[in-house]
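**Q** model this:
(4 chains)
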4 protein chains.
Amino acid sequence: MKKIGIGIIGTGFMGLSHALAYRAAAGIFPDEISPELICVADIDKAAAEKACQRFGFRRYTDNWQALIDDPEVDIVSITTPNRFHPEQALAAIKAGKHVHCEKPIAPGSKDAAIMTQAAEAKGVITQVGFNYLKNPLIKLAREMIADGELGEIISFRGIHAEDFMASPSTPWSWRLDPTGGAGAIADLGSHIVAMARFLLGPVVAVQADLETVIHQRPVSAGATELRQVAVDDIARLTVEFARGCKGSIEANWVATGRKMQLAFEIYGCRGSLHFSQERFNELHFYRTDGQGGHYGYQKIEAGPQHLPYGAFCPAPGHQLGFNDLKTIEIAEFLRAIAGQKVSGPDFREAWEIQKVIDGAIASAREKCRVNI
Amino acid sequence: MKKIGIGIIGTGFMGLSHALAYRAAAGIFPDEISPELICVADIDKAAAEKACQRFGFRRYTDNWQALIDDPEVDIVSITTPNRFHPEQALAAIKAGKHVHCEKPIAPGSKDAAIMTQAAEAKGVITQVGFNYLKNPLIKLAREMIADGELGEIISFRGIHAEDFMASPSTPWSWRLDPTGGAGAIADLGSHIVAMARFLLGPVVAVQADLETVIHQRPVSAGATELRQVAVDDIARLTVEFARGCKGSIEANWVATGRKMQLAFEIYGCRGSLHFSQERFNELHFYRTDGQGGHYGYQKIEAGPQHLPYGAFCPAPGHQLGFNDLKTIEIAEFLRAIAGQKVSGPDFREAWEIQKVIDGAIASAREKCRVNI
Amino acid sequence: MKKIGIGIIGTGFMGLSHALAYRAAAGIFPDEISPELICVADIDKAAAEKACQRFGFRRYTDNWQALIDDPEVDIVSITTPNRFHPEQALAAIKAGKHVHCEKPIAPGSKDAAIMTQAAEAKGVITQVGFNYLKNPLIKLAREMIADGELGEIISFRGIHAEDFMASPSTPWSWRLDPTGGAGAIADLGSHIVAMARFLLGPVVAVQADLETVIHQRPVSAGATELRQVAVDDIARLTVEFARGCKGSIEANWVATGRKMQLAFEIYGCRGSLHFSQERFNELHFYRTDGQGGHYGYQKIEAGPQHLPYGAFCPAPGHQLGFNDLKTIEIAEFLRAIAGQKVSGPDFREAWEIQKVIDGAIASAREKCRVNI
Amino acid sequence: MKKIGIGIIGTGFMGLSHALAYRAAAGIFPDEISPELICVADIDKAAAEKACQRFGFRRYTDNWQALIDDPEVDIVSITTPNRFHPEQALAAIKAGKHVHCEKPIAPGSKDAAIMTQAAEAKGVITQVGFNYLKNPLIKLAREMIADGELGEIISFRGIHAEDFMASPSTPWSWRLDPTGGAGAIADLGSHIVAMARFLLGPVVAVQADLETVIHQRPVSAGATELRQVAVDDIARLTVEFARGCKGSIEANWVATGRKMQLAFEIYGCRGSLHFSQERFNELHFYRTDGQGGHYGYQKIEAGPQHLPYGAFCPAPGHQLGFNDLKTIEIAEFLRAIAGQKVSGPDFREAWEIQKVIDGAIASAREKCRVNI
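**A** Numbers count the residues shown, from 1 in each chain, chains lettered A, B, ... in the order given. Next comes the predicted model:
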């Protein structure tokens, strides 16, 4: 089986998630190119060493350029804070490596444009970590919409609400660094914008309100010194889709109690869907023509008929976990590298997502509707 | 026991609902003034007669002024289309009758102002039919917020989505008559705005988008002739509360599959609540300090400790129904007439609610943020 | 409209529930005979007087025989503890009155037999208060099963669990009086046995275990003196239906946390249903042939297509309450008195239910399977 | 890091599941001994070869004894049909290998006894694949019960219902082979019996009814020839625990619509829990003393505070999947091999579980209560 060398930059939440998923991919998706963990980089060399041992990389480094230059590394996986994405991705592209970048792709759409154009010019394959799109039931939702099972789409309501920044004592971090881009609208909003586009297609206009709720945070955990927060905690958007319908979107990382409310409702003239990542092995479907004469939402449970659920488990209702979605993301990336149809989101799609985010920021600043 | 005479104008969905609730109130709330059904009016005299017989009114009429003038009628209940509310309410007030008016109070806030001022000048008691506020669990939610159980409030998300106008073949009706006011924002939006104000207090600004989805409807059921629709099917609002937090509101009567999604989430810095009228005997509560060391939403089930649930049933978890909320509304109105503290919403509160609706309409028209 | 005089014996939870429902029935079901509250009886005369004033009975008494003999009383409603049912019902039958009796019909099936035979010999109409069967969705479930939507039935699982006796400090009461019959198996078990029979037909054999969990209780609230408990707190049954399938039943009034878990699952070879009274406006339906190619339980929400929901509200999803089920029970009883087909459960059906309960008691005592 | 060699016998659902989990364990649990996939065996040599390539075993064989004898194999994982377990496990024990055996441990408790005694005599570590016990929330439930958060336990209700055998056209398979033991009571019942024992301790008596619903099945998929079914499709048990409480258990593999209803309710005098594997990242907890003055079940969501959730993901509410539970099972087995406290279930515990199953079979046959 063909092998492909993996280099991962960053060893935080997402760095570990990528390492686990690359390890798992070969077993779960044996038909794809087989990934091998070659090198891991972190500016904290001890963290790199620890990750190296834990996941079985061949080597580690505190120099991400060295990782990119490593001749055995074919794929560069970038899991660093957003502000580092452009420089690292461009270096990897320059070196002719395929790039797997965490979301959002960049601090803004200008960078995203440069990154996309560079990747396309070089002909490398790219993937951005919108893992929630990899849920078999989300693919089913997309197919149902495309197949007209909901009829013409009337309205969208999307939310990504969590509470990991809800406490005022949660300290300042790179997520709050304005040089890395916006706040909740970028961090969580990019997921629900990606979902909206995946299901319903392009967003052509946005009206947004961005709000900072907690204006100062400790410079570090437990510190008494406070640092001003310049990015949004909550974003509320009204969006217009190219297909003609409108919708609302909320991104909120101070939503006390909510751990993973990436949720949507889509209303069509013949049916509707509702979904929440809180119970992501379930998709709820309503049909106006009833189902055997009965009316009401049907709870579709994920099973092997929803590809690629069956790669994990042959029995329905047994449930995929969070990490499994990342594994699917990687399998599809490997498949794209092998020359099959790219399912993305690639850099170009991530750039489109970023344009919506930038549009929301501009709308909130200018207090007007902004065309994307 | 003191008796009070009831006259109801209108025999549609709400006319019947009022009649049932006035009948039920005396048995369930024996300590309140005892209502007696005196007269029912409908422009369709046969409908009035039928309602008269069904509910045991003493007489009926096709002349609503005659009902108002009936000396045995102490309370005039107005359940006609919105555009008739001002004239009928003002006549009732002029006659010194207490007024129970369905929501929204009037086609616009100008009328609402006149009605409020007339009622207050005359000293009659008023009540507007925001029945969902009468849910014991909604009162609990309000108390929890007032008592600080959620801490400082950070954000509100409110929805009232149903699908009774989702089919393009649903014909034109008085709900679409622009002389009666707006569409979904008035009909359903008034409920969720009332809820927002009840729980969190005044709304001081609004940015809104109003959308007509189905532009033409049959002039009547089955007709081929179509009539242009001038009012909104979906309204999407961003609102600002006087207390300092913001929120979003959606009113939608084309939400295929949703029958009663009057729902909200309220996030505070110490806790949060979520609720849907779809399961309105349940209120979900999260506390950041955990509950016995455990974290997660608690499903509070309605029971006799939540007044006035116990008037209906001494056992918890047995559940109130839709009509029971109307009965509570009436009991509280009767209590206000008896001189106890008014819990409303009275005309003044309904006027405030209408100002938010009018603000949303203005915002959508002018495409800017509007102060209330 | 034809009137019919009502006399209610007992003013506890069920006495009040009956009074409310008889009051409501006339308005909600105008086509039925119109009930008039004539007389209320309670051994506590003050309680009788209070109920009389509250609900508008014409008179009250502490002598239930006088109520039965009252010439204006056509229907005798018996809501006293079980041990009084036989004597009172037989007296009412003897007087030629129709009888509405709370469940369980009697302390045992011998009494139930005598009562049934007396009623049938006299030709009076009877009804027993199994109100949960009156849920429009339960009728739908029965129709779906009868129409073969589930295919041949394979298995039943039924529960009625509440927690009103879970605290050891809850005092001794008439529910624990062995002369009134069994404990949880009679009080709650009769409801789920009634449900099983309503949906699936006769039960022909039972194997049961009956357990007393709290062996002593205060003689009254707060008392230090304890009284021995002789009846069951939990009953666990395996049952066999005449149609050929088996099932399990649990009756449990010490189920801490559960307020109204009257729940069942029914599996057929082509589909299945699950239901809980905790959310009794919802019925969940699964079909093996999928629904539009999708698999999963469909949540059917109660609406006007499910008779007689529309008598309460023309809009789906607005929800019936606990008291509404009692109102339907009464309307159907009135309809039976008017000569239409009896939907019951009448005394004969209640006798059949009681046989299952007696069978369970015998099985538990003899530690063997008992044929009904 | 210390390495340990793995040999897996069988390449069906569980063989693949074991292989995936052994692969994943090293990355997710880096502190444990690091497993290496050495050899895979299957009587179908092509299947063995395919699995070998897919998961990266060093070699494959169609001779399971050769696998056991392989000097690099330290752990023998047995995922074959039940009737092969005793012979294979005893051979592995004889060779001094640690044994990881799928459940149920054996066709009956006699074999289980022999296997347990052999393993203990030889001093090898054993583990049986009751993966659902490895859910962090199940461990939490056990701790809550042990810590008295529910008070004295009153009652248990346990179910394991699926529908993979519900269709009469599902063919005969090794699961129906009576030489491998019983049917649903062994296959699914062993899971819920294991759960009951894990949470509440030993079961000392059982009364059971075992039922075959589908009496004949095609000899193979699509075949017209039918083969008689000798094992149970549904088992209904009443059980008694050594701690003094009772409960009911249902095992059912013809439960149309249910894919993974491994569910329980546990009632104590101070609180209760309910759980279903259908949403296994949630545990519902009720306290009689309320939670901040409020009553109702709290939905505890799995998070990093529930060990070892954090090994998979640092963020709460992101959810574990089915395969992750198997990975935890393996990590704990490796930990036991490393000399830490065995968390099991080991062969001895599996033997105890088997005794309950054998007791149920005997009870059903003899139609009487059986002491374990």
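**Q** which parts of the stretch 101-250 of chain A are helices?
**A** With DSSP state H, counting those that start in this stretch applied, the stretch 101-250 of chain A shows helices at A:109-122, A:136-146, A:184-187, A:189-200, listed in chain order.
**Q** so which of those comes closest to chain C?
**A** Using Cβ to the nearest Cβ as the measure, helix A:136-146 is the one of those that comes nearest chain C, at 8.3 Å. Yep, even glycine has a C-beta here, placed from its N, CA and C like the rest.
**Q** tell me the angle of the closest one relative to helix A:189-200?
**A** On the basis of axes from the mean of the first three to the mean of the last three Cα atoms, to 10 degrees, helix A:136-146 is oriented at 50 degrees to helix A:189-200.
**Q** who does helix A:136-146 touch, helix- and strand-wise?
**A** If you count contacts as 3 or more Cβ pairs under 8 Å, 6 or more residues apart in numbering or on different chains; DSSP states H and E, helix A:136-146 packs onto helix A:189-200, strand A:261-268, strand A:271-276, strand A:282-287.
**Q** partner strands of the third one and their direction?
**A** Going back to what we said before, that points to strand A:271-276. Applying DSSP bridges, strand A:271-276 is found paired with strand A:261-268 (antiparallel), strand A:282-287 (antiparallel).
**Q** make TSV out of those and add mean pLDDT.
**A** Below are these laid out as TSV (pLDDT from 0 to 100):
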stretch	mean pLDDT
strand A:261-268	98
strand A:282-287	98
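**Q** point to the helix or strand of chain A where mean pLDDT is at its lowest.
**A** Among the helices and strands of chain A, helix A:13-28 carries the lowest confidence by mean pLDDT, DSSP states H and E, at a mean of 90.
**Q** mind listing what's buried in that helix?
**A** Residues A:14-28 are the ones in helix A:13-28 that count as buried (16 or more other Cβ atoms under 10 Å in any protein chain shown).
**Q** other SSEs contacting that helix?
**A** Under the contact criterion of 3+ Cβ pairs under 8 Å, 6+ apart, the helices and strands touching helix A:13-28 comprise strand A:3-9, strand A:34-41, helix A:45-55, helix A:322-337, helix D:13-28.
**Q** how many neighbouring residues does the residue in the stretch 101-250 of chain A that chain C sits nearest to have?
**A** Among the residues of the stretch 101-250 of chain A, residue A:149 lies nearest to chain C; the distance is 7.0 Å by Cβ to the nearest Cβ. The burial count assigned to residue A:149 is 19, neighbours taken as other Cβ atoms under 10 Å in any protein chain shown.
**Q** same question for residue A:228.
**A** Using other Cβ under 10 Å, residue A:228 has 10 other residues around it.
**Q** once you drop chain neighbours, what's closest to it?
**A** Beyond its immediate neighbours in the sequence, the residue positioned closest to residue A:228 (Cβ to Cβ, 6 or more residues apart in numbering or on different chains) is residue A:216, lying 5.9 Å away.
**Q** swap in residue A:84?
**A** Across the structure, with Cβ to Cβ, 6+ apart as the measure, the residue nearest residue A:84 apart from its sequence neighbours is residue A:78 (7.5 Å).
**Q** tell me where the model's unsure across chain A.
**A** Of all residues in chain A, those with pLDDT under 70 make up the ranges A:1.
**Q** centroid-nearest residue for it?
**A** If you average the C-alpha coordinates of chain A and look for the closest C-alpha using Cα atoms, centre = their mean, you land on residue A:130, 2.1 Å from that point.
**Q** that one reaches residue A:191, doesn't it?
**A** Yes. Shown here, residue A:130 and residue A:191 form a contact pair, counting by Cβ atoms under 8 Å, at 6.4 Å.
**Q** so which bits of the stretch 151-300 of chain A are right by chain B?
**A** Applying Cβ under 8 Å from any Cβ of the partner chain, we find that the stretch 151-300 of chain A lies next to chain B at A:154-155, A:157, A:159, A:161, A:163, A:166-168, A:207, A:209, A:211, A:213, A:234, A:236, A:238, A:245-246, A:248, A:250, A:252, A:254-258, A:265, A:267-272, A:274, A:286, A:288, A:297.
**Q** which residues of chain A lie near chain D?
**A** Counting by Cβ under 8 Å from any Cβ, the residues of chain A close to chain D are A:1, A:13, A:17, A:19-20, A:23-24, A:26-28, A:30, A:53-56, A:162, A:164, A:258-260, A:278-280, A:301, A:303, A:312-324.
**Q** show me which of those residues are buried.
**A** Restricting the residues of chain A next to chain D to buried positions leaves A:17, A:19-20, A:23-24, A:26-28, A:30, A:54-56, A:162, A:164, A:258-260, A:278-280, A:301, A:303, A:312-313, A:316-324, with burial counted as 16+ other Cβ under 10 Å.
**Q** and residue A:79, what does it touch?
**A** The contact partners of residue A:79, by Cβ atoms under 8 Å, 6 or more residues apart in numbering or on different chains, come to A:8, A:9, A:10, A:11, A:12, A:14, A:15, A:17, A:18, A:102, A:129.
**Q** mind picking the two most distant members of those?
**A** A:11 and A:129 (15.3 Å; Cβ to Cβ).
**Q** all strands for the stretch 201-350 of chain A, in order.
**A** A:203-211, A:216-218, A:226-228, A:234-241, A:246-252, A:261-268, A:271-276, A:282-287, A:298-301 (DSSP state E, counting those that start in this stretch).
**Q** so which of the ones you listed gets nearest residue B:70?
**A** Evaluated over the strands of the stretch 201-350 of chain A, closeness to residue B:70 peaks at strand A:261-268, with 45.8 Å, by Cβ to Cβ.
**Q** which outside residues touch the closest one?
**A** Counting by Cβ under 8 Å, 6+ apart, A:132, A:141, A:145, A:150-162, A:188, A:191-192, A:195-196, A:199-200, A:255, A:272-278, B:161, B:163, B:166, B:252, B:254-258 sit against strand A:261-268.
**Q** mind naming the longest helix for chain A?
**A** The helix of greatest length in chain A, counted in residues with DSSP state H as the criterion, is given as helix A:347-366.
**Q** so what secondary structure elements neighbour it?
**A** Taking 3+ Cβ pairs under 8 Å, 6+ apart as the contact definition, the neighbouring helices and strands of helix A:347-366 are strand A:98-101, helix A:109-122, strand A:126-128, helix A:184-187, helix A:189-200, strand A:203-211, strand A:234-241, strand A:370-371.
**Q** need the contact list for the closest residue in space to residue A:69 that isn't next to it in sequence.
**A** When the adjacent residues along the chain are set aside, residue A:69 lies closest to residue A:95, with 6.3 Å between them (Cβ to Cβ, 6+ apart). Residue A:95 makes contact with A:68, A:69, A:76 under the criterion Cβ under 8 Å, 6+ apart.
**Q** what's the end-to-end length of stretch A:154-167?
**A** End-to-end distance of stretch A:154-167: 37 Å, with Cα to Cα, to the nearest Å as the criterion.
**Q** one more: stretch A:179-197?
**A** Between the opening and closing residues of stretch A:179-197 lies a distance of 26 Å (Cα to Cα).
**Q** before we move on, what about stretch A:198-208?
**A** Length of stretch A:198-208, first residue to last, Cα to Cα: 21 Å.
**Q** now do the buried residues in it.
**A** A:198, A:199, A:200, A:203, A:205, A:206, A:207, A:208.
**Q** need the max-distance pair from those residues.
**A** Put simply, by Cβ to Cβ the two of these set farthest apart are A:198 and A:207, 21.8 Å from each other.
**Q** pull the contacting residues for the closest residue to residue A:30 other than its chain neighbours.
**A** For residue A:30, ignoring the flanking residues on the chain, the nearest one in space by Cβ to Cβ, 6+ apart is residue D:54 at 3.9 Å. Listed by Cβ under 8 Å, 6+ apart, the contact set of residue D:54 reads A:27, A:30, D:19.
**Q** how near is residue A:360 to chain D?
**A** Using Cβ to the nearest Cβ, to the nearest Å, residue A:360 is found at 24 Å from chain D.
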